[in-house]
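Engineer: Quick one, what's the 3D model for this:
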Amino acid sequence: MDSRPASVPEPSSAAPSGIRLTGMAHGGGCACKIPPGELEDAVAALAGQRSDEVIVGLDDGDDAAAVRVRPDLAVLSTADFFTPVVDDAYDWGRIAAANALSDIYAMGGEPTVAINLVGWPRDVLPMELLTEVLRGGLAIGEQAGCPVIGGHSVDDPEPKYGMAVTGTAHPDRLLRNDAAAAGLPLTLTKPIGLGILNNRHKTTGEVFDEAVATMTALNRDASRAALAAGARAATDVTGFGLLGHLFKMCRASGVGAVLDSAAVPVLDGARESLADGFVSGGTRRNLDWVRPHLAADPGIGEDVLLLLADAQTSGGLLVVGEVPGHPVIGEIVAGTGVRIR
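Structural biologist: Next up is the predicted model:
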C-alpha cells in the first residue's frame, strides 16, 4: 500500500524506482552554495592579483573572469556546478547547463565551448541516469550554439553536475559589477521564487513546470538586449538571491539602490509556498548577510525580505538600465546600501 500523501506524485520515470535525486543531497541547486560572507573570507587572499591582461578578476565578485587577448577580444572563463535541484535527471542537466552559461551572458559575452563537471555516486545511481543528465546539458549547449566537449568526473557520495564554460566578448562592451551609475533604472529579466519552489519540490515531490521552464531558459536574448540598450553593468541572480547580488553590485560600484518590492516579478505559487514555510537555509543565510546593509520602509515584513533574498538557481539578469520587454524594479542612487520600499 502506498503510504505517501495523495498530493505527492510518483518519482520521475528518469530516476530508479524509489530514488529521488533531490533526496540524495543536503541542498539543492544554487541554494547549496557556500554562504556569501564565508566565501568572501575564504577567497580574500586571492584578491588583488594584478596583470595587464586581466580586465575582470576576483576583486568585485563578477560572474566570470575576463582576459584581454587582443584589443578587440576578451576571453571569458567560468565554472558552475551543483547538486540536484529537481528529480528529473534530464531537466537537472538542462538547468545546470543554462545556469553555467548564464555567467557568460551576465558578462555580455557569447559562450564558445563548455566541458562537463560531474560528481557521481557510481555504486548508488546507475550510469544510465548520468547519461540523462549529460543529455540535458548537451541539449542546452546545442540551443546556445556552444559545443559541449569532454569534461571531468569523480566518484562522489552526492551527485553533482555543471560546466566550465569559455566565452568571448569585446573588452569595451562588458557587463560588469563595478559599472553601475546613480540615476539609472534596475531591470530584472526573470521572476524570482525559484529557491522556494525548488525547496517545496525537494520536500514534497510536487513539480512546478513554470519554475523548470524559467530555470532552463537561456539569458542570451536578455544579455544581447541589454548590450543593445547601452547597459554596462549587470549580474545574474543566483544563489545569493536578488538582494545579495544587488548589494554586491552596489558595493563594487560605490553606489546605493532603491528596490520597489511590488514591481519584482514572482513565480506563481512562490508566495504561498513561502507562507507554508518552504524556505531554504541558503535563503536565510543570504538575508542574514545582507541585512546590515538594508533599509526597509514601513510595511515591508520579513516575508518580503525572505522572498527578495531567495536563493535562485539559473535566475535572470539584473541589469542597470532599461531592457525592453522586462520590468523595471528600482533604481541606482547615490550613497550606499539598499532601500526596500
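Engineer: Quick check: which element contains I95?
Structural biologist: helix 89-106 (DSSP states H and E).
Engineer: In the following helix or strand past that helix, which residues are buried?
Structural biologist: Remark: after helix 89-106, the chain's next helix or strand is strand 110-120, criterion DSSP H and E. For strand 110-120, burial by neighbour count (16 or more other C-beta atoms under 10 Å) applies to 110-111, 114, 116-120. Every C-beta, even on glycine, is put in place using the N, C-alpha and C of the backbone.
Engineer: coming back round to it: mean confidence for the helix holding I95?
Structural biologist: The average pLDDT within helix 89-106 is 98.
Engineer: Could you do stretch 274-293 as well?
Structural biologist: Per-residue pLDDT over stretch 274-293 has a mean of 96.
Engineer: quick one: M163 is in a strand?
Structural biologist: Yes. According to DSSP: H, G, I helix; E, B strand; the rest coil, M163 belongs to a strand.
Engineer: Identify the residue spatially nearest to it, adjacent ones excluded.
Structural biologist: Using C-beta to C-beta, 6 or more residues apart in numbering and skipping the chain neighbours, the partner closest in space to M163 is A100 (3.9 Å).
Engineer: right, and that neighbour touches S77 too?
Structural biologist: No. A100 lies out of contact with S77 (C-beta atoms under 8 Å); the separation is 11.5 Å.
Engineer: of those two, who's got more company?
Structural biologist: Between A100 and S77, counted using other C-beta atoms under 10 Å, the more crowded position is A100 (28 against 14).
Engineer: pLDDT and distance to T336 for the buried residues of strand 110-120 - can I get that in TSV?
Structural biologist: Listed next are the buried residues of strand 110-120 as TSV, based on pLDDT from 0 to 100; distance: C-beta to C-beta, whole Å:
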residue	pLDDT	distance to T336
E110	98	34
P111	98	34
A114	98	37
N116	98	41
L117	98	36
V118	98	41
G119	97	39
W120	97	44
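Engineer: circling back to that earlier point, how about the residue nearest to M163, what does it touch?
Structural biologist: By C-beta atoms under 8 Å, 6 or more residues apart in numbering, the residues touching A100 are 78-81, 114, 162-165.
Engineer: Just the buried ones among the residues you listed, please.
Structural biologist: For the contacts of A100, buried by 16+ other C-beta under 10 Å: 78, 80-81, 114, 162-165.
Engineer: OK, contacts around T203?
Structural biologist: T203 touches F278, counting by C-beta under 8 Å, 6+ apart.
Engineer: Assign it to helix, strand or coil.
Structural biologist: helix.
Engineer: same thing with the one 4 residues further on?
Structural biologist: Secondary structure state of V207, per three-state DSSP, is coil.
Engineer: so how far is R173 from it?
Structural biologist: Look at V207 and R173: by C-beta to C-beta, to the nearest Å, they are 39 Å apart.
Engineer: Ok, Y161 next?
Structural biologist: For Y161, the distance to R173 (C-beta to C-beta) stands at 31 Å.
Engineer: higher neighbour count, the two?
Structural biologist: Neighbour count, other C-beta under 10 Å: between Y161 and R173, Y161 has more, with 28 against 15.
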